[in-house]
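S.K.: take a look and give me a structure for this.
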Amino acid sequence: MSILNTILRPYLETRQPTNADIRRKNANFAARAQAGKKTVRPPRSATKRSVGTWVLIAMGFLVVGGTVVELVRLIVFGSF
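M.R.: Have a look, this model is predicted:
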């Protein structure tokens, strides 16, 4: 059980922001907006990477290629 707790601890310790946290962040946002500073969040793609296109292509190649090989095997060896 301790190994499971060790693995899951970072996920279990995340918490929702409290009302005070939200009010503080809103106040900071309002102050920055009134000061004329940039208030736009950075795009999520810059902070979180998505699955690479080459991974999706490789998976598609394996699925389609495996299907083609099975169809050829069925036709050649006549195992209908």
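
S.K.: tell me the mean pLDDT for the longest helix along the chain?
M.R.: Longest helix in the chain by number of residues (criterion: DSSP state H): helix 53-77. Averaged across helix 53-77, the pLDDT comes to 90.

S.K.: next one: that helix to chain centre, how far?
M.R.: In terms of C-alpha atoms, centre = their mean, to the nearest Å, the centre of helix 53-77 is set 27 Å apart from its chain centre.

S.K.: buried set for it?
M.R.: Within helix 53-77, not a single residue qualifies as buried, counting by 16 or more other C-beta atoms under 10 Å. Glycine gets a C-beta too; all of them are placed from N, C-alpha and C.

S.K.: then stretch 71-80 to PDB, C-alphas only?
M.R.: Below are the C-alpha coordinates for stretch 71-80, written out as PDB (Å, rounded to 0.1, in the frame of the first residue of the first chain):
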ATOM      1  CA  LEU A  71      -6.300 -10.100 -45.500                       C
ATOM      2  CA  VAL A  72      -3.500 -11.300 -47.700                       C
ATOM      3  CA  ARG A  73      -2.900 -14.300 -45.400                       C
ATOM      4  CA  LEU A  74      -6.600 -15.200 -45.600                       C
ATOM      5  CA  ILE A  75      -6.700 -14.900 -49.300                       C
ATOM      6  CA  VAL A  76      -3.400 -16.800 -50.000                       C
ATOM      7  CA  PHE A  77      -3.900 -19.600 -47.500                       C
ATOM      8  CA  GLY A  78      -7.700 -19.800 -48.000                       C
ATOM      9  CA  SER A  79      -8.600 -20.000 -44.300                       C
ATOM     10  CA  PHE A  80     -12.100 -18.500 -44.700                       C
END
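
S.K.: ok, Thr6 - contacts?
M.R.: Under the criterion of C-beta atoms under 8 Å, 6 or more residues apart in numbering, Thr6 has no neighbours.

S.K.: before we move on, what SS does Arg41 have?
M.R.: Secondary structure for Arg41, judged by DSSP: H, G, I helix; E, B strand; the rest coil, is coil.

S.K.: how about it, what does it touch?
M.R.: Arg41 touches nothing, counting by C-beta under 8 Å, 6+ apart.
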